[in-house]
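Novice: the following block contains a protein sequence and its predicted model.
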Amino acid sequence: MRGRRRIRTAVATATAALLCAGALSGCTAGEPAAKTPAAGATPRTASTAPKAAPEPAPKPTSLWDASPASVAAVGDSVTRAFDACAILADCPESSWATGTDTAVNSLALRLLGPEKVATRSWNLARTGARMAELPEQMAVAAAEHPELVTVMMGANDACRATPDLMTPVDDFRTHFETALARLRKGAPKAQVYVASVPSLMHLWSTGRVSPMGLEVWKLGVCGAMLADATDLSAAAERRRAEVQDRVVAYNRVLAEVCAKDERCRYDGGAVFGFRFDTGQLSPWDFFHPSRDGQARLAELAYRRITAE
């Protein structure tokens, strides 16, 4: 019996050795052979093995600084706070952009603090300015090397005596493009906040309920929109609609040109869409923002500039 067992053991060992010699993967005599995949199953190879999940791509670094350390303001009478605290006079201390009036809490006060407003902010706007003047203002701003430039310009381009005197849209675009180019030449890394042109139609509908406002407007305030403010004839409505359409076209230009500059932020139409009430309009001309209106402009700008 012992002899037979030795024979069977020798035969089994020899058979295992022959099977290992014909296998694709190595094995040693006495070890079980690798299992062959069942019929119809796909053998697991490098291409079918589970792959590690790809690492998420890093977020692009934003060039926008939500806390700039200096501010230059360019624009027109709104940025000069005309008629905000005195009749027929600029009131820059109440400016939404660079003013020191704590009741307004200007953009510069919010960003820089009261101790730095005098030395780190510049109000370069001019009452009555139109877009054609912006390139010159931007060149002056660039010389100060500000970290942020605020732009509020365009209302005077629409507020002419009659609609036919309004600045053509193509000219408006050329002047704005030139202005940004001037800034980039002297201050290539300056950030730019661009406020939309206010809705002149809304200002008309709000101010016309004031008897005093109607009398003041007769002196020639924004004639294209405000002349004959109580006239509701079809011709008067067409005139006002033409002016409003031009304002909308100006805002489209501001958005499109700003979008081409990676360091420029348009307000998204926030100022155009803001509904000034009578308390937010000047008590002397019922057109320019009052101190409260200036405060609302400062808040809109601060939200947009500090958004991540």
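Specialist: Arrived safely, thanks for sending.

Novice: and the residue nearest the centre of this protein?
Specialist: Closest to where the C-alpha atoms of the chain average out (Cα atoms, centre = their mean) is R265, at 3.2 Å.

Novice: how about that residue: which residues does it bridge to?
Specialist: Y193 (DSSP bridges).

Novice: need the contact list for it.
Specialist: 64, 191-194, 258, 304-305 (Cβ atoms under 8 Å, 6 or more residues apart in numbering). (Each C-beta comes from the backbone N, C-alpha and C, glycine too.)

Novice: all strands of the stretch 101-250 of the chain, in order?
Specialist: Under the criterion DSSP state E, counting those that start in this stretch, strands of the stretch 101-250 of the chain are mapped to 121-123, 148-152, 191-194.

Novice: any idea how far S199 is from the residue nearest to the centre of the chain?
Specialist: Applying Cβ to Cβ, to the nearest Å, the value for R265 to S199 is 20 Å.

Novice: just to revisit the earlier point, please pick the buried ones from the contacts of R265.
Specialist: 191-194, 258, 304-305 (16 or more other Cβ atoms under 10 Å).

Novice: dump those residues to a markdown table, plus pLDDT.
Specialist: Below are the buried ones among the contacts of R265 laid out as a markdown table (pLDDT from 0 to 100):
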| residue | pLDDT |
| --- | --- |
| Q191 | 98 |
| V192 | 98 |
| Y193 | 98 |
| V194 | 98 |
| C258 | 98 |
| R304 | 98 |
| I305 | 98 |
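
Novice: out of those, the closest to M131 would be?
Specialist: V194 (11.8 Å; Cβ to Cβ).

Novice: correct me if wrong: that closest one contacts Y266.
Specialist: Yes - here V194 reaches Y266: they are 4.8 Å apart, a contact under Cβ atoms under 8 Å.

Novice: list residues touching both of those two?
Specialist: 254, 258.

Novice: tell me what angle the single longest helix found in the chain forms with strand 148-152.
Specialist: Across the chain, the longest stretch assigned as helix under DSSP state H is helix 234-259. Put simply, helix 234-259 runs at 170 degrees to strand 148-152, going by axes from the mean of the first three to the mean of the last three Cα atoms, to 10 degrees.

Novice: buried sites along helix 234-259?
Specialist: 239-240, 243-244, 246-251, 253-254, 257-258.
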